[in-house]
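1. The sequence and its predicted three-dimensional model are supplied below.
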Protein chains: 2
Amino acid sequence: MTQRHMALGAFFHPTGHHLAAWRHPGAQIDAGTNIDHYLDLARQAERGKFDFIFLADALACRHGNLDALSHWPQYMAYFEPTTLLAAMAVVTRHIGLVGTATTSFNQPWDIARRYASLDHLSKGRIGWNIVTSSNQAEAQNFSLDRHFDHADRYRRAEEFVQVAKGLWDSWEDDAFLRARDSGRYFDPEKLHRLDHEGEHFRVRGPLNVARGPQGHPVLVQAGSSEAGRGFAARHAEIVFTAQTDIDEARAFRLEMRERLAREGRDPEAIRILPGLNPVLGSTSAEAHALRDGLAAMIPVALGLEALAPILPEVDLSGCDPDQPCPLHLLAADTNASKSGLETFRAQTLAGRTLRQIYTDYINARGQNSICGTAAELADHMEHWFREGAVDGFLIQPPILPLGLEAFVDGVIPELQKRGLFRADYASNTLRENLSLARPVNRYTAAGIRNLDPRL
Amino acid sequence: MTQRHMALGAFFHPTGHHLAAWRHPGAQIDAGTNIDHYLDLARQAERGKFDFIFLADALACRHGNLDALSHWPQYMAYFEPTTLLAAMAVVTRHIGLVGTATTSFNQPWDIARRYASLDHLSKGRIGWNIVTSSNQAEAQNFSLDRHFDHADRYRRAEEFVQVAKGLWDSWEDDAFLRARDSGRYFDPEKLHRLDHEGEHFRVRGPLNVARGPQGHPVLVQAGSSEAGRGFAARHAEIVFTAQTDIDEARAFRLEMRERLAREGRDPEAIRILPGLNPVLGSTSAEAHALRDGLAAMIPVALGLEALAPILPEVDLSGCDPDQPCPLHLLAADTNASKSGLETFRAQTLAGRTLRQIYTDYINARGQNSICGTAAELADHMEHWFREGAVDGFLIQPPILPLGLEAFVDGVIPELQKRGLFRADYASNTLRENLSLARPVNRYTAAGIRNLDPRL
């Protein structure tokens, strides 16, 4: 069954995705410490019938040139995602809530538990964006000299997620009897230890949270390296991608569906959502004026600094912004996101200057950016969706709350009118709104009873 | 200055503190997965003008005899505290929110960050109950064979809290300029790395959360071993205790105040709150009938199992409940809470049977339990408070929500009438409601500017 309408996520950076967003009057200037701002965003996104809200994360301030960074609030000071999602759950009823947690510097018991607890708290609306982190700064906050290598990260992630899935099945769905007369609160045969002993973790279990309304949280992933794709094929139910070309996007989606089939999963069990940066105006000219105005507020030093996640071990601060990046700087093998680096290399080889690249990057954050009217944006989304290149989009408003309001009031009705998006939620769980199956408990499926008299 | 009124905390176990609470119709039977129950409790406690809500925690299911445990929901399956506090913050405006997190199986960067973020989320109402865990089961969920020894736990806790305090000062209070015209979001001179290198942790910092409304969360602690008292004297602002004798309580409070003075802290900077289990009725006979009815619902196996935290390495399941505990079982040196074990030993030496001890323990959970009318409970509280034995109480309702409602509707007005408790909140922060000073940022105090051009 092909999904009848597109899936939409709303990706919130505090003041919005554009580096200069906070300087615009449409941004909530103290967003990183303003809970009311986030509660309003959550209500707005639910008004727009988004499938889910998405929060990125990092376990460190961004390192770099401090003078440049001081012009930019992002990744410096903001709310922790799991507690913020809990707050947003209270003021909403239908919308999904997806948070990011790294497998590199957390422990599986803690993350499995917090997300299971959040699934109850939100009555079945939680998703976990699984990242391995490409951020050297994080390692230094967790007693390590340097981050794990790319391959190690993914091996650890694989084991981490297997442990989490095992822990989420600790209690069978019908384990809780709550029988006041007999005095039996739960059925001991339906509680299962995990007794995991692996390369990175030993976890006895069981989890001290009942199985969630969704069975497991919806699993989300974004790496598009070979290791990342393999991981996604085994575990992910939503994949965030970064293709900016429709043919590449279609090929990626097809490849992922084939990979799922090879893993024995239903190819319909995954939703491929590229990021999309909408810069909206009531006319195309108005939208371009907004974008150019934002770009003009970026100092060169900040523009160069913004490229650091792509080139984490390279100092661009001495470079001429109006020349292409010197090629020898791109030779180093980095521990960063592979896809961002490849794009950067291709653009440099095509002769684009650092300023051109960073301006594009700032506008789009490595994703597609559409600058125009609501109808023009809907045209783009419709084209990609009808061509089978995507299952939907992760919307990255450049300015918050302004850009979210503009999308909800302008683009959503346009998509609804075209039959591309829901008029209302069909369910109160994220899984059901995305037509994703609820995982069956492994012990229930195998008919395994726990007969150990001791826990 | 002596505090004019007592401080009161409301300690929520899912269905209440009594092991049989869930079988009573006044309990929310599915409390461990019912978010609406907790949101209602939070609103009720705020209606009662409590200083704070308190949530205990453990990073494991309780181990033991599974048949016995299956009669008892506590410490088996319930919400994770930090996310639950975030949800409760949204539906309240004044009441403090204190969560438990262990220093033994967490990382200081993560805990410092979550509690700082919660302080913003709640607009200054967060407290952190610092525990070192006496729970062998937790170690086995975190890749360890066995838990750290008592002394190691406290050394690690000391370093953990020092790191957390350092991270909370990463940003000076006025670091955020948010100057739209100049484009400067923050002042780089007011952002500070920690560069901590210690025995247990290396943490570079800075924290990616702005300094909270309270500066640091209110720090709470409960250990009463020598190591625990020393730790409390250095760090704690609220201490939960377990004295059941007024003279011992007065002596403990005096000792703690003296210890604070020796550490160079103001003796007024700490609030000593023993736990108090109120079993309320409109008559004393009604209260006793409630207590006896609850006790009658405890199977012997569960009664013996309930003592396991005091005697974690001892199997009582073969013991005659109507005899005292065989003394040789008490010889083993355990890694458990020291104060609980001493009380148990003294009671056994005094000839009390296992059934008598476990019934008392279940009624009071090692704390004082007062069974009677609201006026009788208020008499007890007034006596202890006026005698200088306590700064207030941590109220542990036996049944939730019933026991909280009974306290709010019966005891709170009685305390207010006697001038012992606030008629309304004086502030919206936990610190201010407790008359605790806001910590000054260490860098601001020392006039240290960050002049490093790179982060």
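-> Good, I have the coordinates.
2. Burial check on whichever residue of the stretch 301-450 of chain A sits closest to chain B, number of neighbours?
-> Of the residues in the stretch 301-450 of chain A, the one nearest chain B is residue A:450, at a distance of 7.9 Å by Cβ to the nearest Cβ. From N, CA and C alone the C-beta is placed, and that goes for glycine too. By the measure other Cβ atoms under 10 Å in any protein chain shown, the count of residues near residue A:450 is 19.
3. didn't it look like it was pressed against residue A:188?
-> Yes: using Cβ atoms under 8 Å as the test, residue A:450 is close enough to residue A:188 to be in contact (6.4 Å).
4. Report the set of residues contacting both of the two.
-> With contacts taken as Cβ atoms under 8 Å, 6 or more residues apart in numbering or on different chains, residue A:450 and residue A:188 have residue B:66 as neighbours in common.
5. Chain A: strands as residue ranges?
-> With strands called from DSSP state E, chain A shows them at A:7-11, A:52-55, A:96-102, A:126-131, A:176-179, A:184-186, A:196-197, A:202-203, A:218-221, A:238-241, A:271-280, A:368-372, A:392-395.
6. Could you pull out the helices in the stretch 151-300 of chain A for me?
-> Assigned by DSSP state H, counting those that start in this stretch, the helices in the stretch 151-300 of chain A fall at A:226-235, A:246-262, A:284-295, A:300-305.
7. Can you name every helix or strand that the last one contacts?
-> Read it as helix A:300-305. Using 3 or more Cβ pairs under 8 Å, 6 or more residues apart in numbering or on different chains; DSSP states H and E as the contact criterion, the secondary-structure elements in contact with helix A:300-305 are helix A:66-69, helix A:354-364.
8. Take these and write them to a markdown table, including distance to residue A:441.
-> Below are those laid out as a markdown table (distance: least, Cβ to Cβ, whole Å):
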| stretch | distance to residue A:441 |
| --- | --- |
| helix A:66-69 | 47 |
| helix A:354-364 | 42 |
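9. Make CSV out of those and add distance to residue A:326, mean neighbour count and mean pLDDT.
-> Shown next, in CSV, are these (distance: least, Cβ to Cβ, whole Å; neighbours: other Cβ atoms under 10 Å in any protein chain shown; pLDDT from 0 to 100):
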stretch, distance to residue A:326, mean neighbour count, mean pLDDT
helix A:66-69, 19, 21, 94
helix A:354-364, 10, 21, 87
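10. Which of the ones you listed sits closest to residue A:7?
-> Residue A:7 lies closest to helix A:354-364 among these, at 20.4 Å (Cβ to Cβ).
11. any residue of that closest one up close to chain B?
-> No: no part of helix A:354-364 sits close enough to chain B to count as contact by Cβ under 8 Å from any Cβ of the partner chain; the gap is at least 13.9 Å.
12. contacts for that helix?
-> For helix A:354-364, contacts defined as Cβ under 8 Å, 6+ apart pick out A:18-20, A:244, A:277, A:279, A:291, A:294-295, A:298, A:300, A:303-304, A:306-307, A:310, A:316, A:319-325, A:344, A:347-348, A:369, A:371, A:398.
13. For it, C-alpha coordinates in PDB please.
-> Extracted as PDB, the C-alpha positions of helix A:354-364 are listed here (Å, rounded to 0.1, in the frame of the first residue of the first chain):
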ATOM      1  CA  LEU A 354      33.600  29.900  -0.200                       C
ATOM      2  CA  ARG A 355      31.100  32.800   0.100                       C
ATOM      3  CA  GLN A 356      28.800  31.200  -2.500                       C
ATOM      4  CA  ILE A 357      29.000  27.800  -0.700                       C
ATOM      5  CA  TYR A 358      28.500  29.200   2.800                       C
ATOM      6  CA  THR A 359      25.600  31.400   1.700                       C
ATOM      7  CA  ASP A 360      23.900  28.500   0.100                       C
ATOM      8  CA  TYR A 361      24.700  26.400   3.100                       C
ATOM      9  CA  ILE A 362      23.400  28.900   5.500                       C
ATOM     10  CA  ASN A 363      20.200  29.300   3.400                       C
ATOM     11  CA  ALA A 364      19.600  25.600   3.100                       C
END
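14. could you give the angle of it to strand A:271-280?
-> Interaxial angle, helix A:354-364 versus strand A:271-280 (axes from the mean of the first three to the mean of the last three Cα atoms, to 10 degrees): 110 degrees.
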